[in-house]
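Chemist: give me the fold of what follows.
(one chain, ligands or ions: 1)
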Amino acid sequence: MSDLSEADRFLLEQIRSGNADGWAQLVSRYQGRLVSFARTKLRQSADAEDLVQDTFLAFLKGLQGFRGEASIETYLFTILRRKIINWGRGKKAGLCLLQDVMYGGKGGDTVEQAADAPEQLAADEPTASWYARRDEAQDLQRSALTSALRGLIERFKSSGNFRDLQVVELLFYSQLRNKDAAEILSLDEKHVGLIKHRCLKEIRERIGQAHPLHASALSEDFEPYDALITEIWQTQRLSCLKRSTIGAHLLGSLDDPWQEYVTFHLERLGCTFCQANLEDLRRQTADDTSRTLRDRIMESTVGFLSRP
Ligand SMILES: [Zn+2]
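Modeler: Below is the predicted model of the structure:
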């Protein structure tokens, strides 16, 4: 189970063989979004930069043990988030702003678990391993469930069923209660329960089709899988937006159902990872604009410089 793009894989190969250019490329590719993420959680921007530096160091140290279970971006975000939580114990550090707003500060065991879930999977220094050791059966179960979830999300997107996607995203990624998810989407609580039930059924069927032997081990009652689905959804950031999609959103070039969903994920749900990407892209665009402007000014003015 690997979530690495070709570009990521190539870059990692270079870095593993000690190529400094490759490393510089990786740092410059991810540094901006990590700093944006850290700045939303920390008051001093110097602290944010220190923690991002630590994060890259931890990444490099743990590189040999990194098996690519998540994208480089997700892996870096997870290390950084762990460091931020260690840095300021007790501060709000939900995966999305909605968690902080709805349950922040007031107990909420499930939310605490949600906030901690990815951290249990990545030690502070991820040199040991990205995941705790598991046996083969668990690996198979996890990878079957991950593929089924990806399939489900893909179907929602390709059929334009963003409402159901939002429901399960609120339940599994943000760990909202049915009642709260219903309120946010202006749905009946029973309706939310029904959508969840249908999704769990489809997940079971997808696993059954892909792994007929494995499916017989799955009981009708899927409840025990809720925690595992949440954990996978959060650590793999299954419904997070592609950077190119966030870029298109910034340019206002997305078509409507998509545009609406992207706005939901970024603003209503307030996914802190995707917001960090948005912030980074905004800054880059601004930099590009100023660079372009500077180039234009230089071009049009340089000829006048040494004129007598
Ligand atoms: Zn996201």
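
Chemist: now the top helix by length along the chain: mean pLDDT?
Modeler: As assigned by DSSP state H, the longest helix anywhere in the chain is helix 272-301. Computed over helix 272-301, the mean pLDDT rounds to 81.

Chemist: can you point out the buried residues in stretch 57-68?
Modeler: Ala58, Phe59, Gly62, Phe66, Gly68 (16 or more other CB atoms under 10 Å). In this view, the C-beta of every residue, glycine as well, is placed from N, C-alpha and C.

Chemist: would you list these in CSV and tack on secondary structure, distance to the ion and pLDDT?
Modeler: Below are those laid out as CSV (DSSP: H, G, I helix; E, B strand; the rest coil; distance: CB to the ion, whole Å; pLDDT from 0 to 100):
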residue, secondary structure, distance to the ion, pLDDT
Ala58, helix, 22, 89
Phe59, helix, 20, 89
Gly62, coil, 23, 85
Phe66, coil, 21, 84
Gly68, coil, 20, 82
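
Chemist: relative to Gln31, which of the residues you listed is nearest.
Modeler: Of all those, Phe59 has the smallest distance to Gln31: 11.5 Å, by CB to CB.

Chemist: thinking again about what came up before, can I get the buried residues of stretch 57-68 in TSV including distance to Thr230?
Modeler: Formatted as TSV, these follow (distance: CB to CB, whole Å):
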residue	distance to Thr230
Ala58	25
Phe59	25
Gly62	25
Phe66	23
Gly68	22
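
Chemist: helix or strand for Asp180, which one?
Modeler: Element membership for Asp180 (DSSP states H and E) is helix 178-184.

Chemist: in that helix, what counts as buried?
Modeler: Under the neighbour-count rule (16+ other CB under 10 Å), helix 178-184 has Asn178, Asp180, Ala181, Ala182, Ile184 buried.

Chemist: tell me how far that helix lies from the chain's centre.
Modeler: 22 Å (CA atoms, centre = their mean, to the nearest Å).

Chemist: now do that helix, average pLDDT.
Modeler: The predicted model assigns helix 178-184 a mean pLDDT of 95.

Chemist: other SSEs contacting it?
Modeler: Where contact means 3 or more CB pairs under 8 Å, 6 or more residues apart in numbering; DSSP states H and E, helix 178-184 is packed against helix 189-210.

Chemist: tell me the buried residues in the helix it packs on?
Modeler: Within helix 189-210, the residues that qualify as buried are Val192, Gly193, Ile195, Lys196, Cys199, Leu200, Ile203, Arg204, Arg206, Ile207, Gly208, counting by 16+ other CB under 10 Å.
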